[in-house]
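[1] Model the following, please.
(one chain, ligands or ions: 1)
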Amino acid sequence: MYRYPKYLTQDLEADFSDSEHCYESVKIKRKLSTKLFFDELPSGEKYQRDWLLYLKSEGQVFCFYCLLLQSDRKRGVLAAGCNDWKNSFALASQLERSDDHRANVLTFLLRKGAKTQSRMQSKVNMTKR
Ligand SMILES: [Zn+2]
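    Alright, predicted model coming up:
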């Protein structure tokens with residue numbers, strides 16, 4: 001399991017008060033909901049969005065993989081930081097279905113796998129000597 005830096009959190013017990021965002025035109029305040037961290041597959045199976053992280057100091061959520069791997073030019077709202085809670089559910093499911101996001105997740109996992117593999121390979125080489 002990848003360890004996220006400490007300032008990032010998926011602490012679902014938090015009250016997310018730093019995320020409060022006011023929609024000036026309608027004078028409505030909204031904040032991040034824990035529900036955004038979960039969704040359901042068409043089969044009805046629930047899953048956790050492990051890619052979604054909350055940055056408390058910014059009061060925003062973003063995609064860990066896209067933030068890390070997406071070029072600035074192509075960064076969507078969830079890779080750049082999002083506090084549009086009204087549209088956050090639509091944005092999250094849109095991102096999950098996007099080719100860019102899937103490619104970023106895959107790239108990350110492949111790189112991680114490659115690192116583990118080369119570490120194992122060097123261990124194997126050591127025992128050969
Ligand atoms: Zn992403």
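[2] ok, now how distant is the closest residue to Phe89 other than its chain neighbours from Asp18?
    Once flanking residues are discounted, Phe89 sits nearest to Leu36: 6.4 Å by Cβ to Cβ, 6 or more residues apart in numbering. Every residue, glycine included, has its C-beta placed from N, CA and C. Distance, Leu36 to Asp18, by Cβ to Cβ, to the nearest Å: 15 Å.
[3] ok, now Glu96?
    25 Å.
[4] other SSEs contacting the lengthiest helix in the chain?
    Scanning the chain for the helix with the most residues, using DSSP state H, yields helix 99-128. Judged by 3 or more Cβ pairs under 8 Å, 6 or more residues apart in numbering; DSSP states H and E, the packing partners of helix 99-128 are helix 64-69.
[5] moving C-terminal of the helix it packs on, what's the next helix or strand?
    Next helix or strand after helix 64-69 toward the C-terminus (DSSP states H and E): helix 77-80.
[6] For that following helix, the averaged confidence score.
    Mean pLDDT, computed over helix 77-80, is 80.
[7] and the helix or strand following that helix, which residues are buried?
    From helix 77-80 onward toward the C-terminus, using DSSP H and E, the following helix or strand is helix 88-97. Buried residues in helix 88-97, counted by 16 or more other Cβ atoms under 10 Å: 88, 91-92, 95-96.
[8] hmm, back to that, tell me the spacing between the residue nearest to Phe89 and Gly44.
    From Leu36 over to Gly44 (counting by Cβ to Cβ), the distance is 19 Å.
[9] can you check Glu13 too?
    26 Å.
[10] same deal with Lys115?
    36 Å.
[11] what's the answer for Trp85, then?
    Taken as Cβ to Cβ, the span from Trp85 to Gly44 is 25 Å.
[12] Pick out whichever of those two has more residues nearby.
    Trp85 (21 against 6; other Cβ atoms under 10 Å).
[13] Do I have it right that that one meets Cys22?
    No. The pair Trp85 / Cys22 is not scored as a contact, 10.6 Å apart, by Cβ atoms under 8 Å.
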